[in-house]
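would you be able to build a 3D model of this:
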Amino acid sequence: MSSPQISLHPLLILTISDSHARIELGSSLLPPSTPSYGLIFGTSTSTIDCIDGQECVTVKGEIDVEKAKVQSDLMKAVFPDREVVGWFKSGEEVVKEDFIQHSKISSLFSTNLFLLYSPLTSLLTPLQFSPSTKTFTPLPFTLTTTRPEKVALESVERLQVVDESLRLKGVNDLILGLEGMSERVEILREYLKGGRTELKDDIMGVLQSFQTHLKEEKEEEGVEDLVAGLVDGVGGFEGLGEKLMEGGEGKGMF
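Here you go, the predicted model:
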């Protein structure tokens, strides 16, 4: 039995690589090292023509088949000649859960093609095709592109995240900023509790809530509401400054 003829468009490789890279770089909702899953769109006649792909929503590591069906319907509404010809996963190897996933996709879209994208640093193209519903067997293939596409694909193939310092620096800076704001609010609370101003008790409550909010690292909109409540309670920023300067002691502490 001859192997099926498969035509793979470079756009599909770039789509899968982009999905994998976003996860590894921390710009996805999924944590790093999590596999990405998606559908392969194209045409299927004498040759399986894989044209494009779309990342799928996953639930506990499995493709949400209901949302995948919606993706397929939307694709056909825009490109009537395209259908789901397979699915893809990024990862180093096939695991037993992939067989269960493959069975669901095959039943829903009547396709037996599975593509495993294994990120590598070598110049060998990191793709494996598997057309069987019972066992995954790699198929030999040749990737033919024009020179500009070849340059882009080789660059993507060699992409591997080895330095997470930039992503971690952003997170650490955010944490330090929140800790600094919390400390400044604590100084202000202690200053007010010392009886050096005559601010209303409800302002103390706002400050307490503000500090708790910062420690819990909640959404920025909530922080803005608390700041607005604090400022309004003392007649605006000018009023806040005047109250803090009353009493002499503790000037410049905040």
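
what helices and strands are in contact with the longest helix anywhere in the chain?
Taking DSSP state H as the criterion, the chain has its longest helix at helix 165-193. Identification of packing neighbours for helix 165-193 by 3 or more Cβ pairs under 8 Å, 6 or more residues apart in numbering; DSSP states H and E yields helix 201-215. In this view, the C-beta of every residue, glycine as well, is placed from N, C-alpha and C.

just to check, Phe109 is in contact with Glu83?
Yes. Here Phe109 reaches Glu83: they are 7.3 Å apart, a contact under Cβ atoms under 8 Å.

shared neighbours of these two, anything?
Listed as contacting both Phe109 and Glu83 by Cβ atoms under 8 Å, 6 or more residues apart in numbering are Ser72.

state the mean pLDDT of the longest helix of the chain.
The average of the pLDDT scores along helix 165-193 is 74.

other residues contacting stretch 42-62?
4-9, 11-12, 15-16, 19, 30, 35-41, 63-64, 67-68, 71, 75, 81-83, 85-88, 97, 100-101, 104, 111, 113, 115.

ends of it, how far apart?
Separation of the first and last residues of stretch 42-62 by Cα to Cα, to the nearest Å is 22 Å.

among the contacts of stretch 42-62, which are in helices?
Those of the contacts of stretch 42-62 lying in helices (DSSP H): 11-12, 15-16, 19, 67-68, 71, 75, 97, 100-101, 104.

which of the residues you listed sit farthest apart?
Between any two of the ones in helices among the contacts of stretch 42-62, the greatest separation by Cβ to Cβ is 28.6 Å, found for Leu11 and Ile100.
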